[in-house]
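S.K.: 3D model of this:
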Amino acid sequence: MQLTDIFLRLGTEHFEQLLRTVSIGRLKTYKLYERMKLRLHLNKLNSETLRHSAPRLWKRFEEQDEVLATELSQCILISHMDMIKAALDHLGIEHEDGFFSKDAEVAGHLTEGWQARTWEALKGTHPPSALLFYINHLGFEAGNSTEVFLPAA
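M.R.: Reported below is the predicted structural model:
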């Protein structure tokens with residue numbers, strides 16, 4: 001599974017919601033603003049231009065643009081650091097303000113059913129699209145998810 005698969009399987013509605021939650025201020029804080037403006041092919045990067053770029057970005061995901069998927073994932077995730085911290089705390093994964101080291105043993109904490117348990121624990125306190133994206137992204141990063149997690153309606 002690749003990052004573009006996560007975006008595509010979550011669908012356009014979740015994708016559009018994710019774009020609405022990107023914090024331009026956080027992009028500037030983490031020095032991602034200019035890089036993302038270039039990556040997204042935008043003259044001006046703000047909430048409105050980001051939302052309007054959704055159809056073009058979606059087409060690039062359909063073309064399997066993994067570089068775009070990776071960089072846009074970073075933008076989405078840094079916009080939800082409080083959610084990431086809560087998820088990692090819930091799972092018992094050591095981290096430093098939401099970041100864990102590349103050599104951290106994360107997979108051992110992701111026991112069977114971890115996605116559903118994390119979803120149930122955090123779904124009422126964080127944006128659903130962002131939480132779904134992070135659960136799937138964490139499984140992707142840990143290398144133990146082969147399918148996209150979507151909770152039953």
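
S.K.: rest of the way, CA atoms for contacts and neighbours
M.R.: Will do.

S.K.: Residue 90 and residue 110, how far apart?
M.R.: 11 Å (C-alpha to C-alpha, to the nearest Å).

S.K.: so residue 100 makes contact with residue 89?
M.R.: No. Here residue 100 does not reach residue 89: they are 11.5 Å apart, not a contact under C-alpha atoms under 8 Å.

S.K.: Please say which of residue 90 and residue 110 ends up with more neighbours.
M.R.: Taking other C-alpha atoms under 10 Å, residue 90 and residue 110 do not tie; residue 110 has more neighbours (18 against 14).

S.K.: Could you report the neighbour count for the closest residue to the more buried one other than its chain neighbours?
M.R.: For residue 110, ignoring the flanking residues on the chain, the nearest one in space by C-alpha to C-alpha, 6 or more residues apart in numbering is residue 91 at 7.4 Å. A total of 17 residues lie near residue 91 under the criterion other C-alpha under 10 Å.

S.K.: wait, residue 91 sits on residue 111?
M.R.: No. The criterion here is C-alpha under 8 Å, and residue 91 misses it with residue 111 at 9.4 Å.

S.K.: Check the spacing between the nearest residue to residue 1 once chain neighbours are set aside and residue 95 real quick.
M.R.: For residue 1, ignoring the flanking residues on the chain, the nearest one in space by C-alpha to C-alpha, 6+ apart is residue 146 at 5.6 Å. Noted for residue 146: a distance of 24 Å to residue 95, by C-alpha to C-alpha.
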